[in-house]
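Visitor: I would like to see how this sequence folds:
(chains A and B, ligands or ions: 1)
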Amino acid sequence: MLVRAFRKEEKVSKLIMFHARECPHCKTMMPHVDRLEKEEKVKFERLEVWHDEKNADMMRSYRPVIAPKCGGQLRTPTFFCPETSDVLCGEVPYDKLKDWALKQG
Amino acid sequence: MKKYWRCYVCGDLHFGVKAPEVCPTCLVKNAYVEISSDEAERTTRPTRRTMSRTEFRTAIESFAEKNEFQVNPDTAKVEMLFDGMFANEQNHGLKYCPCRLRTKDFAEDLKLVCPCNFIIHESYKGKEDGECWCGLFVRRKK
Ligand code: SF4
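Guide: Residues are numbered from 1 along each chain as shown, chains lettered A, B, ... in the order given. Here you go, the predicted structure:
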């Protein structure tokens, strides 16, 4: 019980990282995501989109929101917050990802 | 609308809105006649085959050679991108860009077949160290 109450207080933002297995930018961003999850109260759902059609369809379903912010396309990696509809795409420095993620809180 | 054209001299095929004025192979002028897509398909089918990685690499290297960009010297990155492209070709029919997702609109997705028209990408255009969105092609250093 106590544990549950504690968990509820600890607000964890639910964020999505759309990535592709053979995308070099995604490979670069992965350690940043790992670090961010370790250092901040942030959790990313990592969805691979070229080898998993369910994930791909999910990314495509957000196309009207995502594409205008990513050069009109569905690019990887794309960081997305379903609650705020905010998007960050491409390879960015750790601090930029961190600022973006914490802003979604 | 794009159509199929055949050079009446050497048989080269062209797919485009307009036929080339001069056939790039036999150099004959006004040699292209419009043909049906059926004829184009029948005449190209026997030569249809996939390219090996080595053949693909040679193709994009000679394509880049005549341009202001080159294939990225970072071999590990290039190999990773090839893995993606060849997997996409096997799973989804064409060598789609490994760093972008297809929309499932076939005509739209042709823009994602590698090499794409990356010259217009903001990661390349006007940038001294410009590269295509994935980093397969990088601007050649002066
Ligand atoms: S961005 Fe680069 S790797 Fe991707 S399709 Fe274009 S040229 Fe190929």
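
Visitor: where along chain B do the strands fall?
Guide: Using DSSP state E, the strands of chain B run over B:3-7, B:13-16, B:32-35, B:69-71, B:137-139.

Visitor: would a markdown table of those strands with distance to residue A:84 and mean pLDDT be doable?
Guide: The way it works is simple: take the backbone N, C-alpha and C, and place the C-beta from them, glycine included. Written out in a markdown table, the entries for the strands of chain B read as follows (distance: least, CB to CB, whole Å; pLDDT from 0 to 100):
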| stretch | distance to residue A:84 | mean pLDDT |
| --- | --- | --- |
| strand B:3-7 | 47 | 95 |
| strand B:13-16 | 45 | 95 |
| strand B:32-35 | 53 | 94 |
| strand B:69-71 | 38 | 96 |
| strand B:137-139 | 35 | 96 |
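
Visitor: redo the ones you listed as CSV? Include distance to residue A:28.
Guide: Listed next are these as CSV, based on distance: least, CB to CB, whole Å:
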stretch, distance to residue A:28
strand B:3-7, 43
strand B:13-16, 37
strand B:32-35, 46
strand B:69-71, 19
strand B:137-139, 16
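
Visitor: to residue B:129, which of those lies closest?
Guide: Closest to residue B:129 of those is strand B:137-139 (CB to CB; 6.6 Å).

Visitor: could I get the average pLDDT for the one helix or strand residue A:17 maps to?
Guide: Under the criterion DSSP states H and E, the helix or strand holding residue A:17 is strand A:13-19. Mean pLDDT, taken over the full extent of strand A:13-19, equals 90.

Visitor: please apply the same query to stretch A:65-73.
Guide: Mean pLDDT, stretch A:65-73: 93.

Visitor: OK, contacts around residue 97?
Guide: Chain wasn't specified; assuming chain A. Taking CB atoms under 8 Å, 6 or more residues apart in numbering or on different chains as the contact definition, residue A:97 lies against A:29, A:32-33, A:36, A:79, A:88.

Visitor: looking at chain B here, not the other one
Guide: When contacts are taken as CB under 8 Å, 6+ apart, residue B:97 is in contact with B:85, B:112-114, B:116, B:133-134.

Visitor: hmm, 10 Å instead?
Guide: Contact criterion CB atoms under 10 Å, 6 or more residues apart in numbering or on different chains gives A:20, A:23, A:50, A:73, A:75-76, B:81, B:84-85, B:88, B:109, B:111-116, B:118, B:132-134, B:136 as the residues in contact with residue B:97.

Visitor: likewise residue B:93?
Guide: Neighbour list for residue B:93: B:102, B:106, B:109, B:113 [criterion: CB under 10 Å, 6+ apart].

Visitor: just to revisit the earlier point, type out the ChimeraX command that picks the buried ones from the contacts of residue A:97.
Guide: In ChimeraX, the members of these classed as buried (16 or more other CB atoms under 10 Å in any protein chain shown) are selected with the following command:
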select /A:29,32,33,36,79,88
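
Visitor: how about the nearest residue to the residue nearest in space to the middle of chain B, chain neighbours excluded?
Guide: For chain B, the residue lying nearest the average C-alpha position, counting by CA atoms, centre = their mean, turns out to be residue B:115 (5.0 Å). Once its chain neighbours are removed from consideration, residue B:115 has its nearest residue in residue B:60; the separation is 6.1 Å (CB to CB, 6 or more residues apart in numbering or on different chains).

Visitor: many thanks, we can stop here.
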